[in-house]
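[1] sequence and predicted structure, then a few things I'm wondering about:
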Amino acid sequence: MRPPVDYIARTREQYAALGYPPYQWVENPDPPPFAHLAKPLAQSRIGLVASGGVYARGQIAFHYRDDLSVRRIARDTATADLRVTHFAYDLTDARQDPGVVFPLEALKAAAAEGYIAAVADHAYTFMGGIYSSRKVRDRVAPAIADALQEEAVDAVLLVPV
């Protein structure tokens, strides 16, 4: 088993090595803007959003850090057709089993077993490591939120990498 990565220390070191000023961490509101579920999970349609750089065969791979693009992956995409690319983490495990960063099969199993009502028609992925929290807030997050609203999800599983 690999030791955990201290991402805060790693980010500080990367910024210093590149000659950037210290990274300005995002300050979230207190309390966080979480919403309560309006109905039980067993009656809820669940969306999936992951930042691990997952894309489907035939889609364009993510490129370098600060790639602001989003991939829309159909719920019925076979695991064998999933690909992973990312600049900021060891891809070995994710390439062997994309489910470690993109648990679509686990969500489908939860739906089949009745723990959730359904999985949204599409999952949404992007490449984490976008250094501008403003760009995530103003561009990436609204695009994903709009897509999830169009899919009428009740709740979203967020999988950060």
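    Perfect, thanks for sending it.
[2] Q59: neighbour count?
    17 (other Cβ atoms under 10 Å). C-beta: built from backbone N, CA, C; applies to glycine.
[3] how close does it sit to I73?
    8 Å (Cβ to Cβ, to the nearest Å).
[4] strands along the chain, start to end?
    Here the chain has its strands, by DSSP state E, at 45-50, 54-56, 70-74, 82-84, 118-119, 122-126, 155-159.
[5] would you map the helices across the chain?
    7-17, 92-96, 104-112, 133-135, 141-150 (DSSP state H).
[6] returning to that earlier point: can you redo the strands of the chain as JSON lines with mean neighbour count, distance to P4 and mean pLDDT?
    Below are the strands of the chain laid out as JSON lines (neighbours: other Cβ atoms under 10 Å; distance: least, Cβ to Cβ, whole Å; pLDDT from 0 to 100):
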{"stretch": "strand 45-50", "mean neighbour count": "22", "distance to P4": "19", "mean pLDDT": "98"}
{"stretch": "strand 54-56", "mean neighbour count": "23", "distance to P4": "21", "mean pLDDT": "97"}
{"stretch": "strand 70-74", "mean neighbour count": "17", "distance to P4": "27", "mean pLDDT": "98"}
{"stretch": "strand 82-84", "mean neighbour count": "22", "distance to P4": "19", "mean pLDDT": "96"}
{"stretch": "strand 118-119", "mean neighbour count": "21", "distance to P4": "29", "mean pLDDT": "98"}
{"stretch": "strand 122-126", "mean neighbour count": "25", "distance to P4": "23", "mean pLDDT": "97"}
{"stretch": "strand 155-159", "mean neighbour count": "16", "distance to P4": "16", "mean pLDDT": "96"}
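[7] right, and those strands - which one's nearest I8?
    strand 155-159 (19.1 Å; Cβ to Cβ).
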